[in-house]
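Sequence plus predicted model, see below.
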Amino acid sequence: MMDNNQLRSKTRNLYGLVAIIIIAIVAGFFAYGKFNFLPNWMKNPFRLGLDLSGGTNLVYQVDVSQIPEADRSAVVSGLRDVIEKRVNLFGVSEPRVETAEVNGSYRLIVELAGVKDIKEAIQLIGETPFLEFKEQRTQEETNLILEKQKANDAAYLAVDPYFVPAVPALTGQYLKSAQLVFDKTTYEPYVGLQFNDEGAAIFEELTGKNINKILAIYLDGQPISLPTVGGTISGGEAQITGSFTTDEAKLLVERLNAGALPAPITLVSQQSIGASLGEHSFNVSIKAGIIGLALVIVFMLVYYHVFGFFASLSLLIYTALSLAIFKLIPVTLTLSGIAGFILSIGMAVDANILIFERSKEERKRGLDKFHAIEEGFKRAWPSIRDSNISTIITCLVLYNFTTSIVKGFALTLLIGVVVSMFTAITVTRSFLRVFMTKES
């Protein structure tokens, strides 16, 4: 017979267990998402990566000819960050942006999952502007170039006869922010630029040596403003003026703030990637996950009997909760991410095994089943805690310091470990406390 305290404790555990089961059932419906009676927000599919859903692969050549050799790696790295930021603004799931260097030639590789329209993908990248300042050539240089061009000299046909890139170079690499501003007298819109400290110093030097000369502002290779420098300008502020409408000026500000490219890029390769191979791998992975889950459940039932039955129920709850979290965040599932989740299924029962083995040891010491289980949980917890924390730390390192392919694996494994700690310590324990009575 149970006393009143034990009865109240068991009732609380029962209510908690019922709440967990209800949450797990809802999570299962949400993860599956194919029942007609579900609301639309629960029917949204999982977000799939490039290898599963297909997408677009773009390769760009980076022009670093105007950048000092010592700074090229840093500029290309900054270019990658800007492009990644740009495509993230468009909601592209898990974009993969990488750089490659071959014999001093730099390339930028962009993979966009779910974007199957190559024109759309090129537009996402191409709209990011390249901002630069150019100095006015001397009249003698201009006349010489124009004469060469008139004579169809191939070496001069593509040369700008009027302006040359500023030295030291001042590009969007140094841009801190852009703002929409209205002239207080004419009320016409213009774009105000604010450079960082290094850019401010360069801008001051350029304006100081170009007094009474034109310091042209180019965007994507086209002149958009040709202001004449009246004197040295300090503070790192510049203006882009012209016949802008308010909407045009606002769009330009948005494009500049989205990230002015520190170096110009040229598209050299484009490819639309199908998902047929990924779809096959996805189906095989799902089958592998189901088989793995079933084998783990069979092992727990055969080896631990009634304990294994409760652990198996907890494992099913774990699976439903994990998949629901993947969908809710949402996590972009790649093949590596699915591998991480399948691995986490096997790891999810580790805590239960530790608890059950410690409980067996306590039974051998003469404790009744109820107290043996309680003692097993208490003594196994430090080992469970330490092992899972070490795995969590490893996942965080992988997620923060590796590429997107490994990040998918690390993220799903991290979520799986956290959820498994909850199901092993809370769910399994609740099952045992509700259905195991105090006996010798």
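Yep, it's here.

hey, let's count contacts and neighbours off CA atoms from now on
Will do.

quick check: domain ranges of this structure?
Taking automatic domain parsing as the domain assignment, the ranges for the chain are 4-48+276-435, 55-272.

quick one: the strands in the stretch 151-300 of the chain?
163-165, 175-182, 189-195, 215-219, 222-225, 237-240, 265-273 (DSSP state E, counting those that start in this stretch).

Which strands and helices lie in contact with the fifth one?
What that stands for is strand 222-225. Counting contacts by 3 or more Cα pairs under 8 Å, 6 or more residues apart in numbering; DSSP states H and E, strand 222-225 is packed against strand 215-219.

do the second one as well
Other helices and strands packing on strand 175-182, by 3+ Cα pairs under 8 Å, 6+ apart, are strand 189-195, helix 246-259.

Just name the most buried of those.
strand 189-195 (a mean of 21; mean count of other Cα atoms under 10 Å).

Quick one: mean pLDDT for that one?
Confidence for strand 189-195, expressed as mean pLDDT, is 89.

Same check on stretch 210-220?
On average, stretch 210-220 scores 87.

Mind listing residues that contact that stretch?
Stretch 210-220 has contacts (Cα atoms under 8 Å, 6 or more residues apart in numbering) with 129-136, 163, 207, 223-232, 240, 264.

could you point out where this structure is predicted with low confidence?
The chain contains residues with pLDDT under 70 at 1-6, 86, 88-94, 124, 126-129, 255, 257-260, 275-278, 403-404, 437-440.

Helices of that one, residue ranges please.
Counting by DSSP state H, one finds helices in the chain at the ranges 4-32, 50-53, 72-88, 118-126, 139-150, 197-209, 246-259, 276-304, 306-328, 335-348, 350-364, 369-401, 404-422, 428-435.

give me phi/psi at Thr334?
Per-residue torsions, Thr334: phi -120, psi 180 (degrees, to the nearest 10).

export the helices and strands packed on strand 175-182 to JSON lines and tack on distance to Gly274?
Below are those laid out as JSON lines (distance: least, Cα to Cα, whole Å):
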{"stretch": "strand 189-195", "distance to Gly274": "42"}
{"stretch": "helix 246-259", "distance to Gly274": "30"}
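
For Leu38, find the nearest of these.
In terms of Cα to Cα, the element of the helices and strands packed on strand 175-182 nearest to Leu38 is helix 246-259, at 38.3 Å.

Run the angle between the closest one and strand 215-219 for me.
Interaxial angle of helix 246-259 relative to strand 215-219 (axes from the mean of the first three to the mean of the last three Cα atoms, to 10 degrees): 80 degrees.

could you say what helices and strands helix 246-259 packs with?
Counting by 3+ Cα pairs under 8 Å, 6+ apart, helix 246-259 packs on helix 72-88, strand 175-182, strand 189-195.

mind running it again at 6 Å?
If you count contacts as 3 or more Cα pairs under 6 Å, 6 or more residues apart in numbering; DSSP states H and E, helix 246-259 packs onto strand 175-182.

which other residues reach the strand it packs on?
Defining contact as Cα atoms under 6 Å, 6 or more residues apart in numbering, one finds that strand 175-182 is touched by 188-196, 253, 257.

and which of these is nearest Arg12?
Using Cα to Cα, these come closest to Arg12 at Asn257, 54.9 Å.

To what extent is Ile291 buried, counted in neighbours?
Look at Ile291: counted by other Cα atoms under 10 Å, it has 12 neighbours.

where's it relative to Lys148, distance?
Distance, Ile291 to Lys148, using Cα to Cα, to the nearest Å: 74 Å.

next one: Thr142
Distance from Thr142 to Lys148, by Cα to Cα: 10 Å.

before we move on, back to that, quick check: the farthest pair among the contacts of strand 175-182?
Glu188 and Asn196 (26.1 Å).

Next, count neighbours for Asp51.
Asp51: 23 neighbours (other Cα under 10 Å).

need the contact list for Ala249.
For Ala249, no contacting residues are found, by Cα under 6 Å, 6+ apart.

Distance of it relative to Glu204?
From Ala249 to Glu204 the distance is 25 Å (Cα to Cα).

And Ile286, by the same measure?
As judged by Cα to Cα, Ile286 and Glu204 stand 61 Å apart.

can you check Leu301 too?
Going from Leu301 to Glu204 by Cα to Cα gives 76 Å.

Equivalent analysis for Ile21, please.
Taken as Cα to Cα, the span from Ile21 to Glu204 is 67 Å.

Please apply the same query to Gln222.
Gln222 is 23 Å from Glu204, by Cα to Cα.

which of these two has more neighbours?
Taking other Cα under 10 Å, Gln222 and Glu204 do not tie; Glu204 has more neighbours (17 against 12).

got the contact list for that one?
Here Glu204 is in contact with 233-234 (criterion: Cα under 6 Å, 6+ apart).

returning to that earlier point: mind putting the strands of the stretch 151-300 of the chain in TSV, distance to Leu411 included?
Output for those, formatted as TSV (distance: least, Cα to Cα, whole Å):
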stretch	distance to Leu411
strand 163-165	45
strand 175-182	32
strand 189-195	37
strand 215-219	39
strand 222-225	44
strand 237-240	42
strand 265-273	24
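
Out of these, flag the one nearest Val59.
strand 265-273 (5.0 Å).

Now do the buried residues in the closest one.
265, 270, 272-273 (16 or more other Cα atoms under 10 Å).

Among those, which pair sits farthest apart?
Ile265 and Ile273 (22.0 Å).

sorry, back to before: tell me which of the strands of the stretch 151-300 of the chain sits nearest to Phe30.
Nearest to Phe30 among the strands of the stretch 151-300 of the chain is strand 265-273; the distance by Cα to Cα comes to 29.5 Å.

In a markdown table, list the helices of the chain along with distance to Val110.
What follows is the helices of the chain, written out as a markdown table (distance: least, Cα to Cα, whole Å):
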| stretch | distance to Val110 |
| --- | --- |
| helix 4-32 | 30 |
| helix 50-53 | 11 |
| helix 72-88 | 9 |
| helix 118-126 | 9 |
| helix 139-150 | 37 |
| helix 197-209 | 28 |
| helix 246-259 | 16 |
| helix 276-304 | 19 |
| helix 306-328 | 25 |
| helix 335-348 | 19 |
| helix 350-364 | 40 |
| helix 369-401 | 19 |
| helix 404-422 | 12 |
| helix 428-435 | 45 |
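
out of these, nearest to Val167?
helix 197-209 (7.7 Å).

Report the inter-axis angle for the closest one versus strand 215-219.
140 degrees.

That concludes my questions; thank you for your assistance.
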